[in-house]
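Participant: got a predicted structure plus its sequence, pasted below:
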Amino acid sequence: MEKFDPLQLKRLRVQQGMTITALAKKLGTSTTQVHRLENGLRRLTVTMLFEFCEALNTSPADLFEFSGSVPITGVVDDAYEVLPLTPTSPKQVVSPRLVQDMQNVAALGWEPKNQLMPMHGHYMFYYAHNNGVPENAWGNRCLLLLGDGRQRIGWPIRDAESFHIDNHEGRAEFNVELIWASPILAVVPPFLMNNLKLLNELKAV
């Protein structure tokens, strides 16, 4: 998801003229912990974000920039193949601003049924482009278009004169014809998708 800048928390506090000591007292924590949050030294949970903003009487939505909805172009199954959307699949999903140019960002939904069932409801965001296989695709998780027309998720690897595709389970597909690749920008689980939707709705109010 969006790369959140924790310094926004400090700017928000300073704008309101609140000291670290006063904020720590409102949050029921120490000044050290507030300092760590503001400097990205402590993981910011969604719950803590809401508590931080409540203490400063502001909305969490004010800390995020949203691009609105992006299209969902397919679903990923247990074999990491990208399949067409089903009649019941959503066609759009809200997205934070992942790159400067969001016009070509799209998403894939996970709809596995067997060993990858825990991934059900996750979304993968990617950037559609016309650059074939860019250098930053090699060795990174990507949406791939193969010579036989299939789309799949995998890690493209160069081996001398040939290409192969790895996935996180160690399975590989060798000697593939690779037409196009786009690195996955973010993988967002269902509970964060729900929070993104809520934050986006708050932003629109």
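Facilitator: Looks like it came in fine. Just so you know, these numbers come straight off a predicted model, no measurement behind them.
Participant: all strands for the protein, in order.
Facilitator: Under the criterion DSSP state E, the chain contains strands at 66-76, 82-83, 92-96, 105-110, 123-127, 142-146, 151-159, 162-166, 172-174, 178-188.
Participant: which segments of this protein make up each domain?
Facilitator: 7-63, 66-195 (automatic domain parsing).
Participant: make CSV out of those domains and add mean neighbour count and mean pLDDT.
Facilitator: C-beta: built from backbone N, CA, C; applies to glycine. What follows is the domains of the chain, written out as CSV (neighbours: other Cβ atoms under 10 Å; pLDDT from 0 to 100):
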stretch, mean neighbour count, mean pLDDT
domain 7-63, 15, 82
domain 66-195, 15, 86
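Participant: who wins for proximity to residue 49 among the strands of the chain?
Facilitator: With Cβ to Cβ as the measure, strand 92-96 is the member of the strands of the chain nearest residue 49 (13.3 Å).
Participant: surely residue 85 and residue 72 touch.
Facilitator: Yes: Residue 85 is in contact with residue 72 according to Cβ atoms under 8 Å; the separation is 6.5 Å.
Participant: can you check which residues contact both of these two?
Facilitator: 91, 109 (Cβ atoms under 8 Å, 6 or more residues apart in numbering).
Participant: residues touching residue 51, list them.
Facilitator: Neighbour list for residue 51: residue 27 [criterion: Cβ under 8 Å, 6+ apart].
Participant: repeat for residue 146
Facilitator: 152, 176-179.
Participant: switch these over to CSV; also include distance to residue 26.
Facilitator: What follows is these, written out as CSV (distance: Cβ to Cβ, whole Å):
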residue, distance to residue 26
152, 49
176, 56
177, 59
178, 54
179, 55
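Participant: from these, which single one is nearest residue 192?
Facilitator: Distances from residue 192 to the contacts of residue 146, taken by Cβ to Cβ, are shortest for residue 152, at 24.3 Å.
Participant: could you double-check that that closest one lies in contact with residue 82?
Facilitator: Yes: the criterion here is Cβ under 8 Å, and residue 152 meets it with residue 82 at 5.9 Å.
Participant: name the residues contacting each of the two.
Facilitator: Joint contacts of residue 152 and residue 82 (Cβ under 8 Å, 6+ apart) are residue 143.
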